[in-house]
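Asker: Mind looking at a prediction? Sequence and model below.
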Amino acid sequence: MRRTDVREGNAGVIGSYRDHDLHARVGTIIREHSENARDIRSVVRDAVPWPGVRSILDLGCGYGWFEEVMPGGLDLIVGIDCLPENEAPFLANASARAREAAFRVMTLPAPTGLPADHFDLVLSLYSLYFFPGAVGEIARVLKPGGSFLSLTHSASMLEEGQHYFDFRNLRKVIERFSAENGEAFLRQHFTTVSHIDYPNALLFREGDEDSLALYIDFKREFIEKDVDPRIVRDKMLSELRRKGELRFNKNDRIFMAGK
């Protein structure tokens with residue numbers, strides 16, 4: 001295993017994502033409270049044409065969330081993330097799936113320094129709205145005939161919260177690359193684009209206060225651009241106790257683009 005440290009600054013760093021254990025706990029909360037019983041990672045995995053995939057580039061790879069469910073026997077997995085804390089868990093997950101694993105610390109969009117036409121598969125899962133300007137670089141490093149898969153939220157994600165707070169800055173982030181505008185955006189760079197919808201909602205019931213509070217706290221770096229996260233947390237917990245349940249839009253879309 002090798003590590004290449006290419007620091008491009010820390011703009012846009014999400015503090016909650018530095019804590020691998022917290023990130024994993026929130027992932028469990030999302031799965032346990034999703035009305036769609038199928039793990040979104042398995043939907044993404046089944047969309048990949050694995051027989052033609054030997055080398056993978058994962059952008060915004062985090063701790064190796066998707067690598068945990070990948071098939072094994074690959075040649076190369078390279079992860080790029082802005083958080084150095086994700087290096088060790090990512091390499092542990094990627095090394096279990098590929099003969100060679102590498103991790104680069106980089107804030108995208110930026111030139112990756114990777115060879116052109118090099119990867120069979122490029123991934124950007126719940127991350128491209130942070131760096132939509134990287135799509136040109138993605139197209140450059142993707143092999144002809146290769147696939148780019150991106151998983152993103154609907155622009156109406158958590159729209160129920162809009163009844164209580166104005167999350168205009170959060171909305172601006174998601175709208176950089178969302179389920180609604182992603183296809184038109186990708187067609188500027190790729191010859192083929194298709195998608196798979198993942199309809200879902202997060203449902204919290206009476207007794208789920210701790211899970212809801214942790215989920216809101218995890219999203220604090222997004223929320224605080226508009227509202228004090230403590231106010232959001234207290235209001236949502238109050239509404240949960242008053243109504244007995246809260247449901248939040250969590251519709252996602254997987255885009256598959258070809259070069």
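Answerer: Cool, got the structure. Numbers count the residues shown, from 1 in each chain.
Asker: Please identify the buried residues of the longest strand seen in the chain?
Answerer: For the chain, the strand with the greatest residue count under DSSP state E is strand 142-153. Neighbour counts over strand 142-153 (16 or more other C-beta atoms under 10 Å) mark 142-143, 146-153 as buried. Heads up, the C-betas are built off the backbone N, CA and C, glycines and all.
Asker: Need the max-distance pair from those residues.
Answerer: Spatial extent of those (C-beta to C-beta) is set by the pair Lys143 and His153 at 28.0 Å.
Asker: Can you name the residues bridging to Leu202?
Answerer: Ser34, Phe248 (DSSP bridges).
Asker: about what we covered before: what's the longest strand of the chain packed up against?
Answerer: Other helices and strands packing on strand 142-153, by 3 or more C-beta pairs under 8 Å, 6 or more residues apart in numbering; DSSP states H and E, are helix 40-47, strand 119-125, helix 182-186, strand 252-258.
Asker: quick one: the strands in the chain?
Answerer: In the chain, the segments counted as strands under DSSP E are 2-5, 55-59, 74-81, 98-105, 119-125, 142-153, 192-198, 201-205, 245-249, 252-258.
Asker: Turn those into JSON lines, columns for mean pLDDT and distance to His23.
Answerer: Converted to JSON lines, those look like this (pLDDT from 0 to 100; distance: least, C-beta to C-beta, whole Å):
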{"stretch": "strand 2-5", "mean pLDDT": "38", "distance to His23": "20"}
{"stretch": "strand 55-59", "mean pLDDT": "98", "distance to His23": "15"}
{"stretch": "strand 74-81", "mean pLDDT": "98", "distance to His23": "12"}
{"stretch": "strand 98-105", "mean pLDDT": "98", "distance to His23": "16"}
{"stretch": "strand 119-125", "mean pLDDT": "98", "distance to His23": "13"}
{"stretch": "strand 142-153", "mean pLDDT": "97", "distance to His23": "16"}
{"stretch": "strand 192-198", "mean pLDDT": "98", "distance to His23": "20"}
{"stretch": "strand 201-205", "mean pLDDT": "96", "distance to His23": "16"}
{"stretch": "strand 245-249", "mean pLDDT": "94", "distance to His23": "19"}
{"stretch": "strand 252-258", "mean pLDDT": "98", "distance to His23": "17"}
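Asker: Can you add distance to Ser178 and give these back as CSV?
Answerer: Below are those laid out as CSV (distance: least, C-beta to C-beta, whole Å):
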stretch, distance to Ser178
strand 2-5, 31
strand 55-59, 17
strand 74-81, 22
strand 98-105, 27
strand 119-125, 13
strand 142-153, 6
strand 192-198, 12
strand 201-205, 17
strand 245-249, 12
strand 252-258, 8
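Asker: Is it correct that Ser34 is in contact with Tyr198?
Answerer: No. Using C-beta atoms under 8 Å, Ser34 is not in contact with Tyr198; the gap is 9.6 Å.
Asker: how far away is His20 from Phe218?
Answerer: Noted for His20: a distance of 13 Å to Phe218, by C-beta to C-beta, to the nearest Å.
Asker: the more surrounded of those two?
Answerer: Phe218 (22 against 17; other C-beta atoms under 10 Å).
Asker: Quick one, grab the pLDDT at the more buried one.
Answerer: Predicted confidence (pLDDT) for Phe218: 89.
Asker: likewise the one 3 residues further on?
Answerer: Here, the pLDDT recorded for Glu221 equals 80.
Asker: do the one 3 residues further on as well
Answerer: Reading off the per-residue confidence, Glu224 sits at a pLDDT of 88.
Asker: Any idea how many residues pack against it?
Answerer: A total of 14 residues lie near Glu224 under the criterion other C-beta under 10 Å.
Asker: now the nearest residue to Ala102 once chain neighbours are set aside: how far from Gly27?
Answerer: Among residues not flanking Ala102 along the chain, Val78 sits closest, at 4.7 Å (C-beta to C-beta, 6 or more residues apart in numbering). As judged by C-beta to C-beta, Val78 and Gly27 stand 22 Å apart.
Asker: quick revisit: restrict the longest strand of the chain to CA atoms and write it as CSV.
Answerer: Taking Å, rounded to 0.1, in the frame of the first residue of the first chain, the C-alpha atoms of strand 142-153 are listed here in CSV:
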residue,chain,number,x,y,z
LEU,A,142,-11.7,7.5,-17.3
LYS,A,143,-10.9,4.9,-20.0
PRO,A,144,-12.8,4.9,-23.2
GLY,A,145,-15.7,2.4,-22.6
GLY,A,146,-15.4,3.0,-18.9
SER,A,147,-18.1,4.0,-16.5
PHE,A,148,-18.6,7.0,-14.1
LEU,A,149,-21.2,6.4,-11.3
SER,A,150,-22.4,9.2,-9.2
LEU,A,151,-24.9,8.9,-6.3
THR,A,152,-26.7,12.1,-5.3
HIS,A,153,-29.6,13.5,-3.4
